[in-house]
Structure formats: structure tokens, C-alpha cells
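Student: here you go, sequence then predicted model.
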Amino acid sequence: MDPLKSKAMRGPRTAVIAHKKLDAEKLKARKAGTKTTKEKGSKKNSARKDPDAPKRPPSAFLVFMEEFRKSFKENFPENKSVSVVVKAGGAKWKSMSDSEKAPYAEKASRKKAEYEKAVEAYEKQKLSHSGDNEESEKSTSEIHDDAEQEASS
């Protein structure tokens, strides 16, 4: 007799399967087809990025990499791997002295200054389009406080 086929050796099938009760939140989420708060991730109420906002300026390393990619492509046109280019660029950046990095840092600081001007212009434009009345800039609690002060006096 085969020992794998005997009932004594196998045991009941229900003992092998572990059943879990789902909590109320998971049941509701499953019915609705959405994810629970634990499944969604750590970002709860992250602010959405404005697509019209100016892009952040590149660092000195990124300015260096723009030039390095061009020279690397000229020297190694058969290489199509991005990771090889980045590794080579990172190794070269680490081996460079501060005096060799200085022109890239200068370009990065110029781009940062341009970015700060663009942010100021963007903020001014954003404020002018949001409305010219004072009430739009105040929160609702401030508006109610002003209304209560006027009514009491």
C-alpha cells in the first residue's frame, strides 16, 4: 500500500488551508474595487505639482553630465546602455578636483539665479490670476471673524 494515499497520512484537507476573516475596511474596499489606506502607500494628501511652474535648476553634476554624455556618445557610438554612461560619468566626477568642477558649479549657480527669477514671476502671475479681492486670499475662518467683529461694533 502506498503511504501517500492513505487517509491517515494525509489528514483532512480543511486543516491545511488557513482561513482568515477580513476586517470591515478590507471587505468594503474589495466590494468597491478600491485599495485600503494601508495598501495605498505612505503618501496621504500630497499636494499636486503645478505643470505650469518653472522646473528646478540642474545641479553642478547634472550640468557636467550634459556635456559628458555628448562626449561619451562621440567616443563610444556603439554603446547604447544608459547605465554604462552614468557609471562612467559618476566615476569621472568623483575623480575631478574642485578646480575642475568650478565651471560646472558656476553654470549651475547661473541657472539657479534664472530659476529664482522665473519663480518670482510665476508667483506674481499666479497671484494676479487668483483674484484681486481680499476675501479670496483669506481663509474662511478669517472672513467669519471679520464679519463677527463688524456685527459686534
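Tutor: That came in fine, so what should we check first?
Student: how far does stretch 48-62 stretch from one end to the other?
Tutor: Across its full length, stretch 48-62 reaches 25 Å between end residues, using C-alpha to C-alpha, to the nearest Å.
Student: what's it in contact with?
Tutor: Taking contacts as C-beta atoms under 8 Å, 6 or more residues apart in numbering, the residues outside stretch 48-62 that touch it are 66, 93, 101, 104-105, 107-108, 111-112, 114-115, 118-119, 122. C-beta coordinates here come from the backbone N, C-alpha and C atoms, glycine included.
Student: what average pLDDT does that stretch get?
Tutor: When pLDDT is averaged along stretch 48-62, the result is 92.
Student: may I see the buried residues of the longest helix anywhere in the chain?
Tutor: Among all segments of the chain classified by DSSP state H, the helix with the greatest residue count is helix 98-130. Of the residues in helix 98-130, 101, 104, 107-108, 111 count as buried by neighbour count, 16 or more other C-beta atoms under 10 Å.
Student: ok so, going back, now the contacts of stretch 48-62 as CSV including pLDDT?
Tutor: Listed next are the contacts of stretch 48-62 as CSV, based on pLDDT from 0 to 100:
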residue, pLDDT
Glu66, 95
Trp93, 97
Lys101, 96
Tyr104, 97
Ala105, 97
Lys107, 96
Ala108, 97
Lys111, 97
Lys112, 97
Glu114, 97
Tyr115, 97
Ala118, 96
Val119, 95
Tyr122, 94
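Student: let me have those residues in TSV, adding distance to Lys55 as columns.
Tutor: TSV is the format used below for those (distance: C-beta to C-beta, whole Å):
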residue	distance to Lys55
Glu66	14
Trp93	22
Lys101	23
Tyr104	18
Ala105	19
Lys107	16
Ala108	14
Lys111	10
Lys112	12
Glu114	11
Tyr115	8
Ala118	9
Val119	10
Tyr122	11
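Student: which pair of these spans the longest distance?
Tutor: Among these, the pair separated by the greatest distance (C-beta to C-beta) is Trp93 and Tyr122, at 31.2 Å.
Student: circling back: helices or strands up against the longest helix of the chain?
Tutor: In terms of contacts (3 or more C-beta pairs under 8 Å, 6 or more residues apart in numbering; DSSP states H and E), helix 98-130 is packed against helix 60-75.
Student: list the buried residues in the helix it packs on.
Tutor: Neighbour-count burial for helix 60-75, with 16+ other C-beta under 10 Å as criterion, is recorded at 60, 63-65, 68, 72.
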